[in-house]
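Asks: Whatever this is, show me its structure:
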Amino acid sequence: MPGVWAVLLAAGESSRMGELKALLPWRDTTLLEHQLRMLLDAGVQQVVVVVGHDADRLKPIIDAVDGASWTLNNDYLQGKTTSLKAGVAALAGQQLSDVLLLNVDQPRSADTVRTLVERHLGSSFRITIPTHGGKGGHPILIAAELLPELAEIEEESQGLKAVVRRHAEATERFELDDPSVLWDLNTPEQYQKALDAGL
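Replies: Numbering: from 1, shown residues only. Have a look, this model is predicted:
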């Protein structure tokens, strides 16, 4: 039965962090492994990780997790859109109903993701976006029927945002009492703040 697959973006250089974000310590493991296990615990069937910069350091972690695989984006320096498209391309031919999109530097709890997945699957909306305090966050869930549009996104037209705008009437913005849905750990300060929050 087709289910929810996830695309986890982990191809960037982590230039603002100063070290590879995917390998940062998080909850007794690395950020990458935490994200993989969390997504699978939340009910995602398979996770495809898009790797690029320092890919050879990440592949063994991904290969060691049942239900996870990786795909290489050689064009990662050209922007996040290229990684999203690489992830979408890796889903070709797979049986899935929906895709969850998340960045490796956006740690979430399995409970939060499970709530989002259940909300999305139980609604007629094609796109579900978590919000906190009215601000949009991640992960974003998208019906598989929109994958052809995701495969055509361009950095110049704001990539994923353009698809969401095009389907505004079929998008639910779901408010959650969880500030972590807004987390982006781009700098050492943001990373430390998230660690201190202990969510």
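Asks: ok, and what's touching the worst-scoring helix or strand of the chain on mean pLDDT?
Replies: The helix or strand of the chain with the poorest confidence is helix 160-166; it has a mean of 88 (mean pLDDT, DSSP states H and E). When contacts are defined by CB atoms under 8 Å, 6 or more residues apart in numbering, helix 160-166 is touched by residues 81, 84, 101, 127, 129, 140, 142, 146, 149-150, 153, 171. C-beta here means a position set from N, CA and C on the backbone, and glycine is covered the same way.
Asks: and the residue nearest to the spatial centre of the chain, what are its bridge partners?
Replies: The residue lying closest to the centre of the chain (CA atoms, centre = their mean) is Leu102, at 1.0 Å. Here Leu102 sits in beta bridges with Leu8, going by DSSP bridges.
Asks: quick one: it from Val117, how far?
Replies: According to CB to CB, to the nearest Å, Leu102 stands 12 Å off from Val117.
Asks: Buried residues in the least confident helix or strand of the chain, which are they?
Replies: 160, 162-164 (16 or more other CB atoms under 10 Å).
Asks: Number of residues surrounding Thr71?
Replies: 19 (other CB atoms under 10 Å).
Asks: One more: Ala22?
Replies: Neighbour count of Ala22, defined by other CB under 10 Å: 28.
Asks: For it, which non-adjacent residue is closest in space?
Replies: Using CB to CB, 6 or more residues apart in numbering and skipping the chain neighbours, the partner closest in space to Ala22 is Leu32 (4.0 Å).
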